[in-house]
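Undergrad: Got a predicted model here, sequence first, then my questions.
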Amino acid sequence: MGTIYYGGSATPIHIEDRALAHLKVVIATKLRRGESFTVSWQHPDDQPRGRSAIWLHPSIPLRFVFDDPESTELSRKWIEELADSANSSGGIMLVAEHMDVGPGEADDPAPQEVHVVAT
């Protein structure tokens, strides 16, 4: 479980390492361009129902911390989906990765969960 530390907030945002690695690519690209935007997510099942959003701006300190010391292999498709949402008026909506399936494999209609835990 990775962590985002944003601004002066004492509240870290915990996100699965794989999801955080993909999110980091999109966020870094937007911030490098000097763009501000939001990142939104639905609360996991073990928290009260709802959703959260943070406003990201290039001048606000941001740090990504990964629990896994090894880099994960990135999915171009997932990065593109996140980037498309980043360029919308609603900002990035953190969605689960849709895994590619090989020939003859059934596509699982239930995507993997993305656990985001604000503590």
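TA: Perfect, I can see it now.

Undergrad: Mind pulling the model confidence for the residue most central in space within the chain?
TA: Against the mean C-alpha coordinate of the chain, by CA atoms, centre = their mean, the closest residue is residue 23 at 3.9 Å. On pLDDT, residue 23 comes in at 93.

Undergrad: wait, what's in contact with it?
TA: By CB atoms under 8 Å, 6 or more residues apart in numbering, the residues touching residue 23 are 15, 39, 82, 92, 94. From N, CA and C alone the C-beta is placed, and that goes for glycine too.

Undergrad: Lowest pLDDT pick from the residues you listed?
TA: Scoring those by pLDDT puts residue 94 last, at 82.

Undergrad: hmm, which helix or strand of the chain has the shakiest average pLDDT?
TA: Averaged element by element with mean pLDDT, DSSP states H and E, the chain has its least confident helix or strand at strand 116-118 (a mean of 46).

Undergrad: just how off-centre is the lengthiest helix in the chain within its chain?
TA: When the chain is parsed with DSSP state H, its longest helix is helix 17-32. Computed by CA atoms, centre = their mean, to the nearest Å, the chain-centroid distance of helix 17-32 equals 7 Å.
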